[in-house]
Every structure is written in structure tokens, then in C-alpha cells.
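**Student:** below are the sequence and a predicted model for it; my questions follow.
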Amino acid sequence: MLIAFEGIDGSGKNTQVRKLLSFLRQNGVKYKLHKYPTRKAKDAFAHLKGKKDVDAAKLAEVFADDIIAEQDILRKELRAGNVVICDRYLHSTLAYQGVKVGYAAVKKMIAAKHALSLDLVLLLDIGAREGAKRKAGQKVPDRFEKDVAFLDAVRRNYRKEAKENFLSYKFEVIDAALPADEVFSEVIMSIEPLLTKKMKKSG
């Protein structure tokens, strides 16, 4: 089972990922976690920190290729019976880089890479201003995190992906403005049917 958590900066992904990992451990479910971008995407981090200006189209390729580079690892983990969880996936590349490069252009670029489709995408949906406010309270925001107008456009792209069921068999949109425990209840309600199905197959 391949799952991704998506959402604009400040949507609470890290909190929900931690809660899910704890839930899986408590229930004896094997899992693997992947967080994107990885450290190998040096140009991406340099751009986010304002140390380097990377062309928007090039940046989209950097983010996408960073994920594609681990596809064989994901396949191996899935074959071993793990629940594989991604903190961001190609949906982030489309949502974020689609703002400046163009949604259709980035979607076409991603399609050409033939990436694994997800069993479930959990989109933690929150207003851009609230997300930016949350992020600013946690750390010094990077160039994406502090741009409210940009985050609002990213959010619109995410919601468009949800309508299209982009690169996923199931796309759940969850109100991330709710208290964290309520959000997690929604997360579990979305995941449990898939977990039950997985356990029946392995049993």
C-alpha cells in the first residue's frame, strides 16, 4: 500500500505522519517512510533557502527526478509487504511548480516519467494565510512558505489534482484547520479500509 500526505506548508503533514506511524507501530503493521525532497536534491534546498536561483522548469525536474530516483526502492518495499508512506510525492511537484511553469506543462513532464500511482493521497487542506501563519510560528520560513499569494495558488492546484484524481486510485481532501486529533480521525477513516484489505490478503 502506497500512501502520500500532501498539502501546502503549514497544513500539519509532519504531525499527521507522526501520528500515523505511531498507530501502525501499535497495531504491528510494517511500514517505511520517505520524505521528499531528499538531501540529494541539493539545488532544490539551495533555491528554497534563497542561496541559489533555479529556473522554475529546471526546479520542477529536480523535484520530480528526486522522487523518481527512489521508485525501485518503493517497489521493493511494497513487495515486502510494507505500508509505504510518502511525506510529499509528485503531487507536490505539480502543485508548487505548476504555479510558475504551468499546470499542464508540469503534468505532462511528470506523466513522461511513468511513476508509481498511489493507493491513497491524503490532502490536508488549509487556507494559505493560516498555513503561512502556522509555519512562521515554527521556524524561519523559506521563500515558498512566506509567500501567501503563492501558497494560495498552490492550494488551488492541489484541489484541481483532487478533482482529477491525479496519479492516485483514491484522493481524500481533509480539513486541516480542524484540531490535530480530529484531522487524524479523518486520516484513519480514510486508511482503515485499505489496511483491512491488506491484512485480509496477507492473512
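**Tutor:** Yep, that arrived.
**Student:** can you show me the strands along the chain?
**Tutor:** Secondary structure of the chain (DSSP state E): strands located at 2-6, 31-35, 83-87, 120-125, 171-175.
**Student:** direction included, what does the last one pair up with?
**Tutor:** When you say that, I think you mean strand 171-175. strand 120-125 (parallel) (DSSP bridges).
**Student:** average pLDDT for the strand it pairs with, rounded please.
**Tutor:** Strand 120-125 shows a mean pLDDT of 98.
**Student:** need the residues that contact that strand.
**Tutor:** For strand 120-125, contacts defined as CB atoms under 8 Å, 6 or more residues apart in numbering pick out 1-7, 11-13, 16, 89, 91, 155, 158-159, 161-162, 166-176, 183, 187, 190-191, 194. No exception for glycine: its C-beta is placed from N, CA and C like everyone else's.
**Student:** how much does that strand deviate in direction from strand 83-87?
**Tutor:** Interaxial angle of strand 120-125 relative to strand 83-87 (axes from the mean of the first three to the mean of the last three CA atoms, to 10 degrees): 30 degrees.
**Student:** list the buried residues for strand 120-125?
**Tutor:** 120, 121, 122, 123, 124, 125 (16 or more other CB atoms under 10 Å).
**Student:** roughly how far does the third one sit from residue 75?
**Tutor:** Spatial separation of residue 122 from residue 75 under the definition CB to CB, to the nearest Å is 21 Å.
**Student:** same check, this time on residue 46
**Tutor:** For residue 46, the distance to residue 75 - CB to CB - is 30 Å.
**Student:** with residue 170 instead?
**Tutor:** Distance from residue 170 to residue 75, by CB to CB: 20 Å.
**Student:** over to residue 60?
**Tutor:** Distance from residue 60 to residue 75, by CB to CB: 24 Å.
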